[in-house]
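Enquirer: The amino acid sequence is not available; the structure is as follows:
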């Protein structure tokens, strides 16, 4: 039996703020059933980057994450701003959060936080041979981020122990290590 | 410079429905800065399962995903109900969505959709040697799910081509294939 798309009968915004936009759709399934309450979270395009410097160290960031109420080492990541390509956004984030630039960039993976509930995609880049190009970070008022340098072994240990909690970062990292 | 946790100054629910619970926190950073609008999405524990039958086929499900407005082949997945352990929930979901049971189960990974914005974890299980134990699926009124059997090569192709969009499934699958 082939799977078919749902039909959206109506749509209403519950909240539209820069960091949270939630929509409630009334949807009809192919079998005719109606779901009166299907919530979709709308987000801009997200980006992250596996950045490796000229000495083979992985450029990571450590920060507090309020959802899980913990401090985590993660990939540099962020949101593509209006008019920015995903690559431009990833380069800007690496510069702002870590002070690194240059190097060779390629798109590694395009995945989703949650295809059921979120409407955006995350572009994961691989940047090799990056160099320190700025003395200081350029952080937003509400960002508190420390740069961390991990060896290949340290990053693999983090992945294998589930220390890399963020699935949108763990997936491209596993993909990278499957080939390198 | 060590990274410290934020302090929550106040907290208010914007919406509390079975499929969407959103909270707005006023938080204070270690540097004293206040963020008046930090949104957290509260969810129950989620589960998914890499299920492999006695002939080495991967038991997958295909369904429409409204957030991305597309039809995807995914792992069996769901939500742990009140009083259920993650393992019980994963076994129940495999039975309900695909009609499979038995086999050897182990926890493969515990990761997060988004440690910044979501408060829950996803438990990813590996179930080997599962068998068809029910003639029919037991789906909710608003579920429309087809069972698909993929070979190891087909699933690897899906992963490598980013056809497996859901990061919470791609990450444990890559982890599995890193060792098998």
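Expert: The structure has been received and is ready for your questions. In this text, all values refer to a predicted model and were calculated from it rather than measured experimentally.
Enquirer: can you tell me the residue of chain A closest to chain B?
Expert: Distances from chain A to chain B, computed as C-beta to the nearest C-beta, single out residue A:174 as the nearest residue at 3.1 Å. Bear in mind the C-beta positions are built from the backbone N, C-alpha and C, glycine included.
Enquirer: Which of the three states applies to that residue?
Expert: Assigned by DSSP: H, G, I helix; E, B strand; the rest coil, the conformation of residue A:174 is helix.
Enquirer: which one is it nearest to, not counting chain neighbours?
Expert: Counting by C-beta to C-beta, 6 or more residues apart in numbering or on different chains, residue B:174 is the residue found nearest to residue A:174 once chain neighbours are left out, at 3.1 Å.
Enquirer: try residue A:120
Expert: For residue A:120, the nearest residue in space outside its immediate sequence neighbours is residue A:43; the separation is 4.1 Å by C-beta to C-beta, 6+ apart.
Enquirer: so what's that neighbour up against?
Expert: Under the criterion of C-beta atoms under 8 Å, 6 or more residues apart in numbering or on different chains, the contact partners of residue A:43 comprise A:21, A:79, A:113, A:118-120.
Enquirer: can you check residue A:110 too?
Expert: Residues in contact with residue A:110, defined by C-beta under 8 Å, 6+ apart, are A:121-124, B:162.
Enquirer: For it, give the beta-bridge partners.
Expert: residue A:123 (DSSP bridges).
Enquirer: With residue A:146 instead?
Expert: With beta bridges defined as DSSP bridges, residue A:146 has these partners: residue A:62.
Enquirer: from memory it sits against residue A:60, does it?
Expert: No - look at residue A:146 against residue A:60 with C-beta atoms under 8 Å: they stay out of range, at 9.5 Å.
Enquirer: if you count what's nearby, which of these two comes out ahead?
Expert: A direct count of neighbours by other C-beta atoms under 10 Å in any protein chain shown for residue A:146 and residue A:60 places residue A:60 higher, at 24 against 16.
Enquirer: Excluding residues flanking it in the chain, which one is nearest residue A:31?
Expert: When the adjacent residues along the chain are set aside, residue A:31 lies closest to residue B:144, with 6.5 Å between them (C-beta to C-beta, 6+ apart).
Enquirer: separation between that neighbour and residue B:60?
Expert: With the distance defined as C-beta to C-beta, to the nearest Å, residue B:144 ends up 15 Å from residue B:60.
Enquirer: Over stretch A:33-52, what's the mean pLDDT, rounded is fine.
Expert: Per-residue pLDDT values across stretch A:33-52 average out to 97.
Enquirer: Okay, buried residues for it please.
Expert: Buried positions in stretch A:33-52, judged by neighbour count with 16 or more other C-beta atoms under 10 Å in any protein chain shown: A:35, A:38-41, A:43-52.
Enquirer: In strands, which of these appear?
Expert: Among the buried residues of stretch A:33-52, DSSP state E puts A:35, A:38-41, A:46-52 in strands.
Enquirer: Would you map the strands across chain A?
Expert: Taking DSSP E as the criterion, chain A carries its strands at A:7-17, A:20-28, A:34-42, A:46-53, A:58-65, A:70-74, A:76-79, A:100-101, A:104-111, A:122-132, A:145-150.
Enquirer: Among these, which comes closest to residue B:6?
Expert: With C-beta to C-beta as the measure, strand A:58-65 is the member of the strands of chain A nearest residue B:6 (5.7 Å).
Enquirer: packing partners for the closest one?
Expert: Using 3 or more C-beta pairs under 8 Å, 6 or more residues apart in numbering or on different chains; DSSP states H and E, the elements in contact with strand A:58-65 are strand A:46-53, strand A:70-74, strand A:76-79, helix A:86-98, strand A:145-150, helix A:152-160.
Enquirer: ok so, going back, which of the ones in strands among the buried residues of stretch A:33-52 are close to chain B?
Expert: Restricting those to those near chain B by C-beta under 8 Å from any C-beta of the partner chain leaves A:35, A:38-41.
Enquirer: tell me the contacts of the spatially closest residue to residue A:40 that is not a sequence neighbour?
Expert: Counting by C-beta to C-beta, 6+ apart, residue A:23 is the residue found nearest to residue A:40 once chain neighbours are left out, at 4.7 Å. Shown in contact with residue A:23 (C-beta under 8 Å, 6+ apart): A:11-14, A:39-42.
Enquirer: Just give the number of residues close to the residue nearest to residue A:174.
Expert: By other C-beta under 10 Å, the residues close to residue B:174 number 24.
Enquirer: Check residue A:99 too.
Expert: Taking other C-beta under 10 Å as the criterion, the count of residues near residue A:99 is 17.
Enquirer: what's the distance between the closest residue in space to residue A:141 that isn't next to it in sequence and residue A:143?
Expert: Spatial nearest neighbour of residue A:141, chain neighbours left out: residue B:33 (5.5 Å); criterion: C-beta to C-beta, 6+ apart. When C-beta to C-beta is the yardstick, residue B:33 and residue A:143 sit 9 Å from each other.
Enquirer: now do residue A:84
Expert: 18 Å.
Enquirer: now the farthest one out in chain A, which residue is it?
Expert: The outermost residue of chain A relative to its centre, with distances by C-alpha atoms, centre = their mean, is residue A:32 at 35.8 Å.
Enquirer: The residue nearest to residue A:174 and residue A:169 touch, don't they?
Expert: No - counting by C-beta under 8 Å, residue B:174 sits too far from residue A:169 to count as a contact (11.9 Å).
Enquirer: Can you give me the domain boundaries for chain A?
Expert: A:7-42, A:46-179 (automatic domain parsing).
Enquirer: Report the mean per-residue pLDDT for stretch A:121-136.
Expert: Stretch A:121-136 comes out with an average pLDDT of 95.
Enquirer: do the same with stretch A:1-9
Expert: Here stretch A:1-9 scores 92 as its mean pLDDT.
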